[in-house]
Each structure stands twice: as C-alpha cells, then as structure tokens.
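Asker: Give me coordinates for this.
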Amino acid sequence: MTGKERDGTSNLREALFVPNAPFLIDPQTFGGLGLSTARRLRELDLETRLRPDVIVVCTPHFMGPGSYLAQASSRPPCLHDFYGFPPALSEVTYEPPGDPGLAVQVVEEARSLGLPAQTTTDWGLDHGAWAPLLHLAPSQSIPVLPLSISPRSREEHIRWGQAVAAALREKDLSGVFVGTGSILHRLDLLASPRDDVGQEGAQIETELAELACQKQVDEILRYPANKWRVVAPEGDLKPLFSLFGTLPSSYRGERISVEQHLGAVGMTILRFGPPGGPPCGPVPSGPPTPSKRT
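Answerer: Alright, predicted model coming up:
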C-alpha cells in the first residue's frame, strides 16, 4: 500500500500490543517462564511475513517530561534498564538502526495536531521495547523508531498515534507499530501471589482485551475504576491508546496469545491488521496459560 493516496489507504502493515517482561529475553533462564509467549512472538515473523520498512515501538518505560519524545538516533542504544535478574540477561543486546528522518516527521505531525513533541537522542531501546523485538524482528536489521508516552491524558495519546500514521504516509514507508505493556500488571503480588486476584485479573484482562480488539476506545476509557485498580495496567495502557491512533477504520483486532505469570502479570498479545491480511498462524483458545514458579 502507498501513503500517497490519503483517502482510505494506510502505510501501516500491522499493529501489535505485546508484553515486555524481562524474562522474555531468555525464558529458559527462568525455567521456561514466558516461553509460550516468546514462541508466539517469533511466529508472528514480522521480517518475512510483512517486510516493513520500519518498526515504530512505544513503551511505557520511555516517559517524556510533559511532552512526547521521538528517539532520533541513527542507532538507538540498547538499555539494560532492569535490576535483580540473572547477569546473562545483561549480556544480550539488541541494536538495530534507527530512523532519524521518521522521528523528525512524527514530531512535525504531532505538533500539527497540537501536541507538545520533540526529538531526542537520550534514552534508546529500553527492555520494554527490545525484549519483545528480540523475537519479533530477531535479525536486528529493520530500523526501529522508539517513541515515548507522556504524563498527559490517555485520550491525547490517540493523537500521538495519528501522528505516526501521518508520518508514515509522508515518508511513504511501510510500518509496523508495536505498543508494549501488560493489561494485568500487579508486580506487588509477585512475592505473595493471590489466586483470587489472579482469577479476577485474568477475567478483567480478557474483558479489556476484547474491548481493545473491537476498538471500543470509549468503553475502555469508561471502564470501572475499581476493576481498573485490580489489574493496574502498565503505563495506564497509553501505548495501546497510541496504537489505536495509528489504525485505519477497517483494521480488525484479535487476541492471538494468552498467558499469565504467577497471577500478577498478564502476557496478552493483540494483533490489528487489514481484512484479508497476511495470516500469522493458528489462534489459541481457552483461558490464560499460567506460568508457575520452578
């Protein structure tokens, strides 16, 4: 598809909402925690199935200081922004090229939409970006543009995604948008898991995932506060709201993987693409697959 036609066409090949837990870097180091999710990410096979010109990634670990940031380095540094994990994880690196020109264009489009935005060469690819990208695009050859979230509203993050879609059109680049995070993100329960919270959290995560797949954005914004607190979504789901902004009206969503870590961290994968787009393999059914301590 080409972005030169603005009425109904899109340069976005696909959009994904994926988990970003550090144990995805090497599930075997953790006794197989997250292994099924890592395999599912590999099966998406972005590099040969979609062949995008660029991957745009928005992570809750990259926070702008009241504004939106686009990382404009020619090779964004790989950040090992996690602590208390086996040293072997810090030996793994992910170092694809960046796309400074697209970063500048995203900022220009964002400003035209009334958003405070700027480029930066600070930060880089935090684990919230590269832990899943390690499996989604393992060759490290496709340029990656990291985007921040901001302290501003979830509704406004939709416009941040619209700026991405507009920038891809202007640059005539085919892109994949990857928003990362967990709908269920109760890290306080990792030390003392509670089955009741895990079960309720899995149900709420399923409800929110279904609303997301149906693109019921207003329903997510109005989701009951007491249920929202049960799952405490990572980054207030702002990367997901940015994803919504990138989507053409015809794109459909599906939940293609479910897993839960110790009743505390959800590992849902959501995929959004055009009707009749490239398939990505069989879709699992049933409740989340629980990960257990070893």
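Asker: which intervals of the chain have sub-threshold pLDDT?
Answerer: 1-9, 193, 195, 262, 277-294 (pLDDT under 70).
Asker: Could you pull out the strands in it for me?
Answerer: Secondary structure of the chain (DSSP state E): strands located at 12-18, 54-63, 68-71, 117-120, 144-149, 175-180, 252-257, 259-261, 265-266, 269-273, 289-291.
Asker: Can you lay out these as JSON lines showing mean neighbour count and distance to Pro233?
Answerer: C-betas here are computed from N, CA, C, even on glycine. Below are these laid out as JSON lines (neighbours: other CB atoms under 10 Å; distance: least, CB to CB, whole Å):
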{"stretch": "strand 12-18", "mean neighbour count": "26", "distance to Pro233": "11"}
{"stretch": "strand 54-63", "mean neighbour count": "26", "distance to Pro233": "9"}
{"stretch": "strand 68-71", "mean neighbour count": "26", "distance to Pro233": "19"}
{"stretch": "strand 117-120", "mean neighbour count": "18", "distance to Pro233": "24"}
{"stretch": "strand 144-149", "mean neighbour count": "28", "distance to Pro233": "12"}
{"stretch": "strand 175-180", "mean neighbour count": "28", "distance to Pro233": "12"}
{"stretch": "strand 252-257", "mean neighbour count": "19", "distance to Pro233": "15"}
{"stretch": "strand 259-261", "mean neighbour count": "23", "distance to Pro233": "14"}
{"stretch": "strand 265-266", "mean neighbour count": "27", "distance to Pro233": "9"}
{"stretch": "strand 269-273", "mean neighbour count": "22", "distance to Pro233": "13"}
{"stretch": "strand 289-291", "mean neighbour count": "18", "distance to Pro233": "19"}
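Asker: possible to save these as a markdown table with distance to Arg229?
Answerer: Converted to a markdown table, the strands of the chain look like this (distance: least, CB to CB, whole Å):
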| stretch | distance to Arg229 |
| --- | --- |
| strand 12-18 | 21 |
| strand 54-63 | 17 |
| strand 68-71 | 26 |
| strand 117-120 | 30 |
| strand 144-149 | 20 |
| strand 175-180 | 21 |
| strand 252-257 | 22 |
| strand 259-261 | 18 |
| strand 265-266 | 15 |
| strand 269-273 | 22 |
| strand 289-291 | 22 |
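Asker: Other residues contacting stretch 238-254?
Answerer: Contacting residues not belonging to stretch 238-254 are listed as 8-10, 12, 15-17, 58-60, 147, 149-150, 154-155, 157-165, 177, 179-181, 212-215, 217, 270-275, 283 [CB atoms under 8 Å, 6 or more residues apart in numbering].
Asker: That one: end-to-end distance?
Answerer: With CA to CA, to the nearest Å applied, stretch 238-254 spans 19 Å between its terminal residues.
Asker: By neighbour count, which bits of that stretch are buried? Give me those.
Answerer: Using 16 or more other CB atoms under 10 Å as the test for burial, stretch 238-254 gives 238-248, 251, 253.
Asker: and which of the residues you listed is nearest to Leu208?
Answerer: In terms of CB to CB, no member of the buried residues of stretch 238-254 lies closer to Leu208 than Leu240, at 9.1 Å.
Asker: returning to what we had before: which two among the buried residues of stretch 238-254 are spaced furthest apart?
Answerer: Of all pairs in the buried residues of stretch 238-254, the most separated under CB to CB is Lys238 and Pro248 at 20.7 Å.
Asker: in the stretch 101-250 of the chain, which spans are helices?
Answerer: 127-136, 154-171, 195-213, 217-221, 225-231, 238-246 (DSSP state H, counting those that start in this stretch).
Asker: Before I go, just wanted to say thanks for your time.
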